[in-house]
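In: structure, please.
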Amino acid sequence: MIYFIINTFYFTNLIPPVPLALKEGIVAHNVQKTKNGFEVSYEKNHWSTFWRDYNEIITLQKNDPVYVFTTIFAPTEIRKPILHRWFKFDNNNEKWLKTDEIQYEIIGGRNKGYRGYTYKENTHPGKWKVEVLTLEEQILGVLKFEIVIKPKQEVNISKSAY
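Out: Numbering: from 1, shown residues only. Prediction:
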């Protein structure tokens, strides 16, 4: 009943629009656009870490790119740039160094969230994070992960459709 009332108030403009929110974020090996959405390939996390699907340690081969796929909840009729701000942790200075800032635009709304991704080539082993934010510096979420470079080996990769 409450859900119905809130939705009625929202769609009749009796309450302000809900702010943007990061619904899901995945660090992945690959993201491909498909006819019905996206196919995301990532290393599945251990079952005991049920709050996050992807593994925080991603195993790459030298020169492999790494992808960050995000689903952002957006109210209807919104058009807004989103940034993925990439950082690498510098062990020598013990601080995060910005490496890239990649922008894409969302056009809302979609019940399952607006989907988008960025990727980075020429990565190096170590700790990384990607801030997902608006141009106004509103942080929607942060994805932290570690890149490990290993020679070709079998990695347990899952594929999911979004």
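
In: now the helices for this structure?
Out: Along the chain, counting by DSSP state H, helices occupy 2-11.

In: I'd say Ser41 and Ala161 touch.
Out: No. The criterion here is C-beta atoms under 8 Å, and Ser41 misses it with Ala161 at 11.1 Å. C-beta coordinates here come from the backbone N, C-alpha and C atoms, glycine included.

In: okay, these two: which has more neighbours?
Out: Per other C-beta atoms under 10 Å, whichever of Ser41 and Ala161 has more neighbours is Ser41, with 17 against 9.

In: excluding chain neighbours, what is closest to that one?
Out: Leaving out its chain neighbours, the residue that sits closest to Ser41 by C-beta to C-beta, 6 or more residues apart in numbering is Asn30, at 4.3 Å.

In: can you count the residues close to the one you found?
Out: Neighbours of Asn30 under the rule other C-beta under 10 Å: 17.

In: isn't it right up against Phe38?
Out: No. Using C-beta under 8 Å, Asn30 makes no contact with Phe38, being 10.2 Å away.

In: from Val68, how far off is the residue nearest to Ser41?
Out: Going from Asn30 to Val68 by C-beta to C-beta, to the nearest Å gives 12 Å.

In: quick one: the strands in this protein?
Out: With strands called from DSSP state E, the chain shows them at 21-28, 30-34, 37-43, 57-60, 66-73, 79-90, 95-107, 114-120, 126-134, 139-149, 157-161.

In: and the first one, what does it pack onto?
Out: With contacts taken as 3 or more C-beta pairs under 8 Å, 6 or more residues apart in numbering; DSSP states H and E, strand 21-28 sits against strand 37-43, strand 66-73, strand 126-134, strand 139-149.

In: winner for burial among these?
Out: strand 66-73 (a mean of 22; mean count of other C-beta atoms under 10 Å).

In: list the strands paired with that one, with their directions.
Out: Strand 66-73 pairs in its sheet with strand 21-28 (antiparallel), strand 114-120 (antiparallel), by DSSP bridges.

In: so can I have CSV of the ones you listed showing distance to Pro81 and mean neighbour count?
Out: What follows is the strands paired with strand 66-73, written out as CSV (distance: least, C-beta to C-beta, whole Å; neighbours: other C-beta atoms under 10 Å):
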stretch, distance to Pro81, mean neighbour count
strand 21-28, 15, 20
strand 114-120, 11, 20
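
In: lovely, talk soon.
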